[in-house]
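Trainee: Predicted structure and sequence below. I'll ask about it afterward.
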Amino acid sequence: MKIGILQTGHAPDQLRPVLGDYADLFRQLLSGQGFEFETYSVVDGTFPSGPETCDGWLITGSKHGAYEDHAWIPPLEDLIRAIRDSGRPLVGICFGHQIIAQALGGRVEKFKGGWAVGRQAYDWEGETLHLNAWHQDQVVSLPDGAEVIASNPHCAYAALRIGDAVLTVQPHPEFGHEVIAGLIEHRGDAVPDDQLDAARGTLGQSVANDKIAAQIARVLKAKVPA
């Protein structure tokens, strides 16, 4: 099964030689699931010809805002709607979560409550799960048909299910603690010091990456229309 990774941002230059780029993190997260991957760097203007190019799709995180004026965002939203209409499975993480919601009629904005950084607790369909986060933007208005499956007091819409084939997740199941440590060092300038200190304090504590990876894989393995 071929999964197209729509890469919407790049890891910091200092991390890439050691940890890889954002698409590489998803290849690692979903290794052993029988997937073949192809990456399209949409942030650099490289797009697939259409939804039929791959069996399923995944949209990465990004330092950019879904509401920002970038030439690649409108065609990405068109592609999201085309994938949805095709019935192919679609997963979005962080920026991917936000841009899918926006493309399907929701709203994203810079959250007035500030940043979520490092290990966070979420109520995930009645179970408490911990995942790493790195975001200030949030989905603040849901697209039609979206079901909220995870939340916490800081992020009301932390994961969404839209129909049977779309899953979106605000935190980062692809981020291990070494990624968070690297972001603290190389992209932490805008984050308050107390939040960076708190995030450093949770480095090494358990996160539910494998559990969310299994959920992502189940969605991506959903039956593709003939």
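Mentor: Arrived safely, thanks for sending. Numbering: from 1, shown residues only.

Trainee: Now do the helices in the chain.
Mentor: 16-19, 22-29, 73-86, 95-103, 177-187, 193-202, 209-220 (DSSP state H).

Trainee: need those helices in a markdown table with mean neighbour count, can you?
Mentor: Yep, even glycine has a C-beta here, placed from its N, CA and C like the rest. Formatted as a markdown table, the helices of the chain follow (neighbours: other Cβ atoms under 10 Å):
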| stretch | mean neighbour count |
| --- | --- |
| helix 16-19 | 12 |
| helix 22-29 | 21 |
| helix 73-86 | 17 |
| helix 95-103 | 27 |
| helix 177-187 | 18 |
| helix 193-202 | 14 |
| helix 209-220 | 18 |
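
Trainee: Out of those helices, which is closest to residue 3?
Mentor: Closest to residue 3 of the helices of the chain, according to Cβ to Cβ: helix 209-220, at 5.9 Å.

Trainee: Centre of the chain to that closest one, how far?
Mentor: Its chain's C-alpha centre and that of helix 209-220 lie 12 Å apart, by Cα atoms, centre = their mean, to the nearest Å.

Trainee: packing partners for that helix?
Mentor: helix 22-29, strand 56-59, strand 90-93, strand 127-135, strand 166-169 (3 or more Cβ pairs under 8 Å, 6 or more residues apart in numbering; DSSP states H and E).

Trainee: quick one: average confidence on the last one?
Mentor: Just to be clear, that refers to strand 166-169. For strand 166-169, the mean pLDDT works out to 98.

Trainee: i'd like the first residue to be 383 from this point on
Mentor: In the new numbering, first residue 383, that becomes strand 548-551.

Trainee: Quick check: can you name the pairing partners of that strand and their directions?
Mentor: Under the criterion DSSP bridges, strand 548-551 sits next to strand 472-475 (parallel), strand 537-544 (antiparallel) in its sheet.

Trainee: per-residue confidence at residue 607?
Mentor: 60.

Trainee: Residue 604 now?
Mentor: In this prediction, residue 604 carries a pLDDT score of 84.

Trainee: Many thanks, we can stop here.
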